[in-house]
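Novice: Generate a structure from the sequence data that follows.
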Amino acid sequence: MIKAEIHPADKNGNIITLLEDIKVVWQGEEYTVPAGFSCDGCSVPAFLWDSVSPQLDPRTLRGAIVHDYIYRGNVPGFTRKEADMLLRELVKEDGFPAFKAGVVYWGVRLLGSGNFKGDDA
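Specialist: Prediction:
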């Protein structure tokens, strides 16, 4: 269970602030998103929430937070494709249907490049 505060959007559009670290293992390495990190949840336009995911669905929240953390350049050496693959795997682990996880993956693959601040932008 993610421990986070949901609050009105700040100047950057963040509506979630972590109250505890999130730890994930990807390809044998452990990564930590620290308490205090803020983001906007699953960045899907509201008109697609019924077909893809609402912004705060518990099945996509962990993946969305980790994905945002990586996309903001906080994990050196992590590629955009790896971040997108990790998002897909985390939402599936958290109970999101495989087909919809694929839609989320392809959405960020096709539309997310402008937001990636990592090494392979």
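
Novice: And the strands in the chain?
Specialist: Listed in chain order, the strands of the chain (DSSP state E) span 4-6, 16-18, 22-26, 29-33, 38-39.

Novice: same for the last one, what does it pack against?
Specialist: Using 3 or more CB pairs under 8 Å, 6 or more residues apart in numbering; DSSP states H and E as the contact test, the elements touching strand 38-39 are strand 16-18, helix 58-71. Placement of C-beta: from N, CA and C, glycine included.

Novice: The first one now?
Specialist: Packing partners of strand 4-6 (3+ CB pairs under 8 Å, 6+ apart): strand 16-18.

Novice: Which positions within the strand it packs on qualify as buried?
Specialist: For strand 16-18, burial by neighbour count (16 or more other CB atoms under 10 Å) applies to 16, 18.

Novice: Run through the residues that contact the residue nearest the centre of the chain.
Specialist: Closest to where the C-alpha atoms of the chain average out (CA atoms, centre = their mean) is residue 64, at 1.8 Å. With contact taken as CB atoms under 8 Å, 6 or more residues apart in numbering, residue 64 is in contact with 39, 41-43, 87, 91.

Novice: and the helices and strands packed on strand 38-39, which is most packed in?
Specialist: helix 58-71 (a mean of 23; mean count of other CB atoms under 10 Å).

Novice: tell me the mean pLDDT for that one?
Specialist: Averaged over helix 58-71, pLDDT sits at 94.

Novice: Could I have the CA atoms of stretch 76-94 written out in PDB?
Specialist: The C-alpha coordinates for stretch 76-94 follow below in PDB (Å, rounded to 0.1, in the frame of the first residue of the first chain):
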ATOM      1  CA  PRO A  76      21.200   8.000 -13.700                       C
ATOM      2  CA  GLY A  77      21.700   5.400 -16.400                       C
ATOM      3  CA  PHE A  78      18.100   4.400 -16.500                       C
ATOM      4  CA  THR A  79      16.800   4.600 -20.100                       C
ATOM      5  CA  ARG A  80      13.400   5.800 -21.100                       C
ATOM      6  CA  LYS A  81      12.500   2.500 -22.500                       C
ATOM      7  CA  GLU A  82      13.500   0.800 -19.300                       C
ATOM      8  CA  ALA A  83      11.300   3.200 -17.300                       C
ATOM      9  CA  ASP A  84       8.400   2.500 -19.600                       C
ATOM     10  CA  MET A  85       8.900  -1.300 -19.300                       C
ATOM     11  CA  LEU A  86       9.100  -1.000 -15.500                       C
ATOM     12  CA  LEU A  87       5.900   1.000 -15.400                       C
ATOM     13  CA  ARG A  88       4.100  -1.800 -17.400                       C
ATOM     14  CA  GLU A  89       5.500  -4.500 -15.100                       C
ATOM     15  CA  LEU A  90       4.600  -2.700 -11.900                       C
ATOM     16  CA  VAL A  91       1.000  -2.000 -12.900                       C
ATOM     17  CA  LYS A  92       0.600  -5.600 -13.900                       C
ATOM     18  CA  GLU A  93       2.000  -6.700 -10.500                       C
ATOM     19  CA  ASP A  94      -0.400  -4.400  -8.800                       C
END
